[in-house]
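Visitor: got a predicted structure here, sequence first:
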Amino acid sequence: GRFAIDGALACVIKSLLCVRQADPELTWLRQVWPNIKAQMDMIYQKYDDGTGVIRREQWNTYDSCMYGANTFIGSYWVTALKAAAAMAALVGDHETAAKYRERAGAAAQQYESICWREEFGYYVADVTEKDCQHSYGPGCFVDQLCAVGLSAACGFG
């Protein structure tokens, strides 16, 4: 079935914020961590192309489907990987923390390389004519700023 990948990734990020704000004993995190990890692993295995980039269909909260590397879903993906790595470390799952941290670094580098256009001074979606119907080309999708804001709130910069 389809699911809104931006919403799923935002829930992972917001889970870290909840832990930091209201779960100092990590009671809630220990309860939800198996579900967070399962969701992240599913996205990692099914959507990540092996380089840290999500290119395949990306159903989202706009009830549309994007394709190709883009900073809308990409910024949520990188931030969710960082948030999941932080939560994995908190529950003592250091192997998973390292895996997510490594993939977050690779993903950030890949999205920067693929989507940044120096001549424009901003990011673009890397789509073909075939798969651009519900995507965007030159320019930024405003929701990438939501993920950037969540990243800052998490302390990732």
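Guide: All right, it came through fine. Numbering: from 1, shown residues only.

Visitor: from the contact counts, what lies against the longest helix seen in the chain?
Guide: If you go by DSSP state H, the chain has its longest helix at helix 94-115. Contacts defined by 3 or more Cβ pairs under 8 Å, 6 or more residues apart in numbering; DSSP states H and E place helix 94-115 against helix 27-46, helix 71-90. Every residue, glycine included, has its C-beta placed from N, CA and C.

Visitor: tell me the most buried of these?
Guide: By mean neighbour count, with neighbours taken as mean count of other Cβ atoms under 10 Å, helix 71-90 ranks first of these at a mean of 26.

Visitor: now that one: mean pLDDT?
Guide: The average pLDDT within helix 71-90 is 97.

Visitor: give me the angle between it and helix 94-115.
Guide: 160 degrees (axes from the mean of the first three to the mean of the last three Cα atoms, to 10 degrees).

Visitor: CA atoms of helix 71-90 as CSV?
Guide: Written as CSV, here are the backbone C-alpha positions of helix 71-90 (Å, rounded to 0.1, in the frame of the first residue of the first chain):
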residue,chain,number,x,y,z
THR,A,71,15.2,18.1,-1.5
PHE,A,72,11.6,17.8,-0.2
ILE,A,73,11.7,14.1,0.6
GLY,A,74,15.5,14.1,0.8
SER,A,75,15.7,16.7,3.6
TYR,A,76,13.2,14.7,5.6
TRP,A,77,15.2,11.5,4.9
VAL,A,78,18.5,12.9,6.0
THR,A,79,17.0,14.4,9.2
ALA,A,80,15.1,11.2,10.0
LEU,A,81,18.3,9.2,9.7
LYS,A,82,20.0,11.5,12.1
ALA,A,83,17.1,11.4,14.5
ALA,A,84,16.9,7.6,14.3
ALA,A,85,20.6,7.4,14.9
ALA,A,86,20.3,9.5,18.0
MET,A,87,17.4,7.4,19.4
ALA,A,88,19.2,4.2,18.6
ALA,A,89,22.2,5.4,20.6
LEU,A,90,19.9,6.4,23.5
